[in-house]
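Colleague: okay, sequence plus prediction incoming.
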Amino acid sequence: MKSIPVNNLPKGDNELKVIPLGEFTPYDFQKPHRHSYFEFFIFEKGGGSHFIDFTEFQINDCSVHIVFPQQIHLVKRTAASTGKILLCSKHFMNMLGAFFFPQLAQNNYNAPCLEFEKEEFSLLMTTINHLQEELKSSGMLSYSLSQNYTSIFLSHCIRHKTAALVEERHNPNYSIYDWENYKRFSDLLEMHFLEKANVQDYAGELAISAKVLNNCLKKVIGKTAVELIQERTLIEAKRLLLNSQDSIKEIAFKLNFKDSSYFTRFFTKNESQTPKEFKQFWEEKYLS
């Protein structure tokens, strides 16, 4: 398979959009792909499966699947499945405030799918329908109302995900200082994880100690800097294994491992599969 490009929102589109499942896209959605924006798949009627960064999830009725920017995914739904997709840029998500991104990110790689009871899902669909209508409007305060409807939708998702009260979004257990350090660390990690594996390197860039950095990250995301660095490296390893023609030795070199055997041990320890076994398994899954 060739390297997977990153799809952007089409030119002329706003930073927020609601589309029905199956709407025409300028890229081949029947092959593994990724985006520079968030996607929220809102499945009213389920059927089929959804692959998100090399994990297969069943598509059930009254469910929401969250795909973060840069995640590789592929929807293999049945023709009978119905629903909508909310497309949301990173910039728009950040404008909504410091609460939503980390709350959605927490454990998202392990549990990106939410299943609702019919009554709560009905409220969710009503909110999305209102948002869709508001996005078509050019009336007074349409942008503000669109932000509010999106916030309500995300709050439903977070409340369901964390079993917390909606009111808690006004009093998160981390400070603005913690959030800013998490966000800056995340940006640095995305830019430098290939060449920087030492926590001190990131702490130095942020002008704080490694201990302070870890405390901030644990409050916001529940993980240490080392855990996040290793997770990001592992995700990149999976993407390179599946979507490039590089050998395992070449991939190990790209990821800054001292040799391919060390990379294989790292990968096998975290995935319970060798890199070769992983590549064979997911090529069959994605291409079948």
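Modeller: Cool, got the structure.

Colleague: quick one: buried residues of the helix or strand hosting Trp179?
Modeller: Here Trp179, judged by DSSP states H and E, is contained in helix 176-192. For helix 176-192, a neighbour-count test (16 or more other C-beta atoms under 10 Å) marks 178-179, 181-182, 184-186, 189 as buried. Just so you know, the C-beta spots here come from the backbone N, C-alpha and C atoms, and that holds for glycine as well.

Colleague: pLDDT-wise, what's the bottom of those?
Modeller: Lowest pLDDT within the buried residues of helix 176-192 is found at Trp179 (83).

Colleague: can you name every helix or strand that the helix holding Trp179 contacts?
Modeller: helix 100-105, helix 199-206, helix 210-220, helix 225-243 (3 or more C-beta pairs under 8 Å, 6 or more residues apart in numbering; DSSP states H and E).

Colleague: ok, of the buried residues of helix 176-192, which one's closest to Ile229?
Modeller: Leu189 (6.6 Å; C-beta to C-beta).

Colleague: kindly reformat the buried residues of helix 176-192 as TSV containing distance to Ile128.
Modeller: Shown next, in TSV, are the buried residues of helix 176-192 (distance: C-beta to C-beta, whole Å):
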residue	distance to Ile128
Asp178	31
Trp179	27
Asn181	33
Tyr182	28
Arg184	32
Phe185	32
Ser186	28
Leu189	32
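
Colleague: just the closest of the residues you listed to Arg159, please.
Modeller: Trp179 (19.5 Å).

Colleague: so that closest one is in contact with Val220, correct?
Modeller: Yes - counting by C-beta atoms under 8 Å, Trp179 sits close enough to Val220 to count as a contact (6.0 Å).

Colleague: scan the protein for its longest helix.
Modeller: For the chain, the longest helix by residue count, based on DSSP state H, is helix 142-162.

Colleague: now do the contacts for the residue lying closest to Leu145 once chain neighbours are set aside.
Modeller: Sequence neighbours aside, Glu134 is the residue nearest to Leu145 in space, at 5.0 Å (criterion: C-beta to C-beta, 6 or more residues apart in numbering). Contacts for Glu134 (C-beta atoms under 8 Å, 6 or more residues apart in numbering) come out as 142, 145-146, 149.

Colleague: one more time with 10 Å
Modeller: 16, 18, 141-150 (C-beta atoms under 10 Å, 6 or more residues apart in numbering).

Colleague: ok so, going back, what's the angle between the helix holding Trp179 and helix 199-206?
Modeller: Angle, helix 176-192 to helix 199-206, by axes from the mean of the first three to the mean of the last three C-alpha atoms, to 10 degrees: 120 degrees.

Colleague: which outside residues touch helix 176-192?
Modeller: With C-beta under 10 Å, 6+ apart as the criterion, helix 176-192 contacts 69-70, 94, 97-99, 101-102, 105, 172, 174-175, 196, 199, 201-203, 205-208, 212-213, 215-221, 225, 228-229, 231-233.

Colleague: pLDDT weak spots in this structure?
Modeller: 1-5, 10-14, 24-28, 98-99, 101-103, 105-110, 162-172, 286-288 (pLDDT under 70).

Colleague: picking that back up, surely the residue nearest to Leu145 is within a helix?
Modeller: Yes - using DSSP: H, G, I helix; E, B strand; the rest coil, the assignment for Glu134 is a helix.

Colleague: grab the most central residue of the protein for me.
Modeller: Phe68 (2.0 Å; C-alpha atoms, centre = their mean).

Colleague: so how far is Lys90 from that residue?
Modeller: 9 Å (C-beta to C-beta, to the nearest Å).

Colleague: restrict stretch 235-250 to CA atoms and write it as PDB.
Modeller: What follows is stretch 235-250, C-alpha atoms only, in PDB (Å, rounded to 0.1, in the frame of the first residue of the first chain):
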ATOM      1  CA  ILE A 235       1.100   4.700  16.300                       C
ATOM      2  CA  GLU A 236       3.700   6.000  13.700                       C
ATOM      3  CA  ALA A 237       5.200   2.500  13.600                       C
ATOM      4  CA  LYS A 238       1.800   1.000  12.700                       C
ATOM      5  CA  ARG A 239       1.200   3.600  10.100                       C
ATOM      6  CA  LEU A 240       4.600   3.000   8.400                       C
ATOM      7  CA  LEU A 241       4.200  -0.700   8.600                       C
ATOM      8  CA  LEU A 242       0.900  -0.700   6.800                       C
ATOM      9  CA  ASN A 243       1.200   2.300   4.500                       C
ATOM     10  CA  SER A 244       4.800   2.300   3.200                       C
ATOM     11  CA  GLN A 245       7.100   0.000   1.300                       C
ATOM     12  CA  ASP A 246       9.900   0.400   3.800                       C
ATOM     13  CA  SER A 247      11.500  -2.700   5.400                       C
ATOM     14  CA  ILE A 248      11.300  -3.200   9.100                       C
ATOM     15  CA  LYS A 249      15.000  -2.100   9.300                       C
ATOM     16  CA  GLU A 250      14.200   1.100   7.500                       C
END
